[in-house]
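**Student:** Got a sequence here, can you build the structure:
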Amino acid sequence: MADDWQKGGFGLYVHWPYCVSKCPYCDFNSHVAQNVDQDIWRRAYLSALSHYAARTGGRRLRSIYFGGGTPSLMRPDLVGAIIDAAQRYWIFDNDIEITLEANPGSVEAKRFAGYRRAGVNRVSLGIQALNDTDLRRLGRIHTLREALNALEIAHAEFERVSFDLIYARQDQSLSAWEAELAHALALEPAHLSLYQLSIEPETAFGARARAGKLGGLPSEERAADMYEVTDYLCKNKGLIRYEVSNHALPSQESRHNLIYWQAGDYIGIGPGAHGRLSLDGKRFATETPLDPAIWLKKALTGTGESARLPLAGAEQATEYLLMGLRTRAGISLKRLKAMGGALPDPDPLHRLEELGLLEQKGGSLRVTAQGMPLLNAILRELIA
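**Tutor:** Coordinates of the predicted model:
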C-alpha cells in the first residue's frame, strides 16, 4: 500500500491565518491582525516547503490551494514565491489547479491580476449570502454590490471561479432560499459550494445559541427541504452534486478537494494546517500549531509541524470510508480492503441498501441521492 496515495493524487495546502474580522459562525483557524510582516511569512513558507521537498521532491503535483483565513490579504508576490518554489520542487500536472480563496471585501482588480500573473488559475469567493441583511447577520464585511463586483472581477481574470453560499440561516424561509439560489444560478457559475449553517460550539454563534440568543434557526424538516431544493435547482442548471455540499458542471470539480475525498497525499503548511504523507511505506497524519507565532518560529527552521503520527491500515481505511462516501462516486471496496480495513458489517449495510440509502455497483459503495441528506447517520451505522 506504499503507493496507494497515487490513486488520489498529491496536493499542497497553504494556510494564511489572518482576517480583517472574525465571522461569528467560523471555526477555522483564523486571527484578526492589523499589521502582518509578510516578508517573514514568506521565509517561513519557503523554509517549510524546502523541508517537505527533501522527502517528496519529484512527485507530480496535482493542485495547490491557498486557504484561510483570508488568503486574498496575501501580497501577490508572496503567493507567486510559493508557487515558484513548488514548481522547482515538484512536477506540475499539465492542468494543475491553483486555487486562492478570497473574500469580496478584499478583492481589487489590480490584486487579482497580480494573482493571475503569479500562477493562480482558480478563485473561490466566500460570498455566503445574496442580501445585505443576512450578510450583516453573518458578520461579513462586504455588501451584495461588492460581492457581485468581486465576482465580475474574478471572471475577468480567471477561467475557473467558484463561490460559496450558506443556507438554513436565521429566519430564512424555503421560498427565500429558492429565490436566492435562483439568483446565484442566474450568474452562471461553473462551481458552487452550498453549506447548511452549522452552529459550532467554539464560535460566537455557538455562545449565542447556548445563551438562547440565536433565534430563527430552521427546523430539521425545513433544512432538509432546502437541501432537496438545492439539489433540484442545481441539477436543472447542469451542476451535479459531486460531494455533499459541492455542485459543479462536468470537469469543473475542485481537484484539490478530491485529493482529500479520494485519500490522496497532501502537504499542509501554515498554522493549523493538516496533511497526509506516505513515506517509506508508511502513511502519516501531520499537524501544525494553531498559534501563528509558534508556527512561524518552527517553520523558519523546519516543516512547522507539531506532530507527525503514523496511521495504521485500519485508520486509513476508516478515513477513506468517511471521506469517500461524501462523494457521488463513493469508494472502492477492493481498495478499502487493501488498506487493511474491514468491509462494513453486512447487517447495517443490507439494511441501508434496502432503505435505498446505499448501493453497491461494480465493486463500489456509494450513498444514494436519497441517502445523502442522512450521510452522518449512515456513516455512524457503518463504523459503529
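
**Student:** and the helix ranked longest in the chain, what other elements does it pack with?
**Tutor:** Counting residues, the longest helix found in the chain (DSSP state H) is helix 38-56. In terms of contacts (3 or more CB pairs under 8 Å, 6 or more residues apart in numbering; DSSP states H and E), helix 38-56 is packed against strand 10-16, helix 76-89, strand 265-269, strand 275-279, helix 292-299. From N, CA and C alone the C-beta is placed, and that goes for glycine too.

**Student:** Recalculate using a threshold of 7 Å.
**Tutor:** helix 76-89, strand 265-269, helix 292-299 (3 or more CB pairs under 7 Å, 6 or more residues apart in numbering; DSSP states H and E).

**Student:** these two touch, right, Trp177 and Asp225?
**Tutor:** No - counting by CB atoms under 7 Å, Trp177 does not reach Asp225; the two are 8.9 Å apart.

**Student:** which one of these two has more residues nearby?
**Tutor:** Using other CB atoms under 10 Å, the more surrounded residue of Trp177 and Asp225 is Trp177, with 24 against 17.

**Student:** quick revisit: winner for burial among the helices and strands packed on helix 38-56?
**Tutor:** Burial of those is given as mean neighbour count (mean count of other CB atoms under 10 Å); strand 265-269 ranks first at a mean of 25.

**Student:** Between strand 10-16 and that one, find me the angle.
**Tutor:** On the basis of axes from the mean of the first three to the mean of the last three CA atoms, to 10 degrees, strand 265-269 is oriented at 20 degrees to strand 10-16.

**Student:** what residues does strand 265-269 touch?
**Tutor:** In this structure, residues lying in contact with strand 265-269 by CB atoms under 7 Å, 6 or more residues apart in numbering are 5, 10-15, 45, 48-49, 52, 259, 274-278, 286, 288, 304.

**Student:** and what of stretch 129-147?
**Tutor:** For stretch 129-147, the surrounding residues in contact (CB under 7 Å, 6+ apart) are 20-21, 23-25, 103-105, 127-128, 165-166, 169-170, 180, 183-184.

**Student:** do stretch 117-126 as well
**Tutor:** Applying CB under 7 Å, 6+ apart, the contact partners of stretch 117-126 are 76, 79-80, 83, 97-104, 150-151, 154, 158-164.

**Student:** care to break the chain down by domain?
**Tutor:** The chain resolves into domains spanning 4-259, 325-384 when parsed by automatic domain parsing.

**Student:** Which stretches in this structure count as helices?
**Tutor:** Listed in chain order, the helices of the chain (DSSP H) span 38-56, 76-89, 109-118, 132-137, 144-157, 174-186, 204-210, 220-236, 255-261, 292-299, 313-324, 333-338, 346-354, 375-383.

**Student:** for these, which one ends up most surrounded?
**Tutor:** Mean neighbours per residue, mean count of other CB under 10 Å, is largest over the helices of the chain for helix 255-261, with a mean of 22.

**Student:** List the contacts of that helix.
**Tutor:** 8-9, 11, 62-63, 65, 97, 99, 243, 266, 323-324, 326-327.

**Student:** any idea which of these is the one closest to Glu220?
**Tutor:** In terms of CB to CB, no member of the contacts of helix 255-261 lies closer to Glu220 than Arg326, at 19.8 Å.

**Student:** Tell me the predicted confidence for that closest one.
**Tutor:** Here the pLDDT value assigned to Arg326 is 97.

**Student:** Repeat that for His15.
**Tutor:** The predicted structure scores His15 at 98 on the pLDDT scale.

**Student:** That one contacts Pro71, correct?
**Tutor:** No - between His15 and Pro71 there is no contact under CB under 7 Å: 8.5 Å.

**Student:** Give me the more crowded residue out of those two.
**Tutor:** More crowded of His15 and Pro71, by other CB under 10 Å: Pro71, with 27 against 24.

**Student:** Please list all residues in contact with that one.
**Tutor:** Contact analysis of Pro71 by CB under 7 Å, 6+ apart lists Trp16, Leu100, Glu101, Ala102.

**Student:** ok, the last one - how many residues close by?
**Tutor:** If I follow you right, that is Ala102. Neighbours of Ala102 under the rule other CB under 10 Å: 28.

**Student:** Much appreciated, bye for now.
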